[in-house]
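Enquirer: this one's sequence-less:
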């Protein structure tokens, strides 16, 4: 069971619950980072680029988990979110998943359910196309793009502009070779 992943950010207004979730995540072989100050959400995401997933409580004081999910989507679209709540409401679950949450789990979290969701999430995350940090923004399931990017990299040291085109859906994010 190899789980060399960045930390999972645990966001819950109840520190004891957040710590329980972090402990459960650790028991499953992942690392966890607890956020105990909701005003530091965006700052924490900026300071920790290795965060790949957020375990996000739905009911938070002053701001809803759905609002934080929207902020996450804007600030770090590369980071996934799993909503956790005591609210067993199908409409809310559907709404949050449509807003970008990977899944919706009910509290108290069960180890087997959380493990299944985490494994599903991390197995579905696209891997970087190349180890070259200049291509870190590219995510694709097509190996056909790698030779194109390697060719573009060869032009990167020149002053020539490079335009990379392809069929729709080949790449999820635009990137310009400097």
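Expert: Yes, it's here. For clarity, every value in this text was computed on a predicted model and none was experimentally measured. Numbering: from 1, shown residues only.
Enquirer: do you know how far the most centrally placed residue in the chain is from residue 54?
Expert: Geometric centre of the chain, nearest residue: residue 79, 1.8 Å, by Cα atoms, centre = their mean. According to Cβ to Cβ, to the nearest Å, residue 79 and residue 54 sit 6 Å apart. For every residue, glycine as well, the C-beta is placed using N, CA and C.
Enquirer: ditto for residue 16
Expert: Taking Cβ to Cβ, one finds residue 16 at 19 Å from residue 54.
Enquirer: Same question for residue 67.
Expert: Separation of residue 67 from residue 54 (Cβ to Cβ): 13 Å.
Enquirer: Those two - which one has more neighbours?
Expert: Using other Cβ atoms under 10 Å as the criterion, residue 67 and residue 54 rank with residue 54 on top: 26 against 12.
Enquirer: Quick check, residue 73 in contact with residue 100.
Expert: Yes - using Cβ atoms under 8 Å, residue 73 makes contact with residue 100 at a distance of 4.8 Å.
Enquirer: Now list whatever residues contact both of the two.
Expert: Common neighbours of residue 73 and residue 100, using Cβ atoms under 8 Å, 6 or more residues apart in numbering, do not exist here.
Enquirer: so who does residue 60 touch?
Expert: Counting by Cβ under 8 Å, 6+ apart, residue 60 makes contact with 11-13, 38, 68.
Enquirer: what comes into contact with the helix or strand that residue 97 is a member of?
Expert: Applying DSSP states H and E as the criterion places residue 97 in helix 90-98. If you take Cβ under 8 Å, 6+ apart as the criterion, helix 90-98 is touched by 58, 65-66, 69, 83, 85, 103-104.
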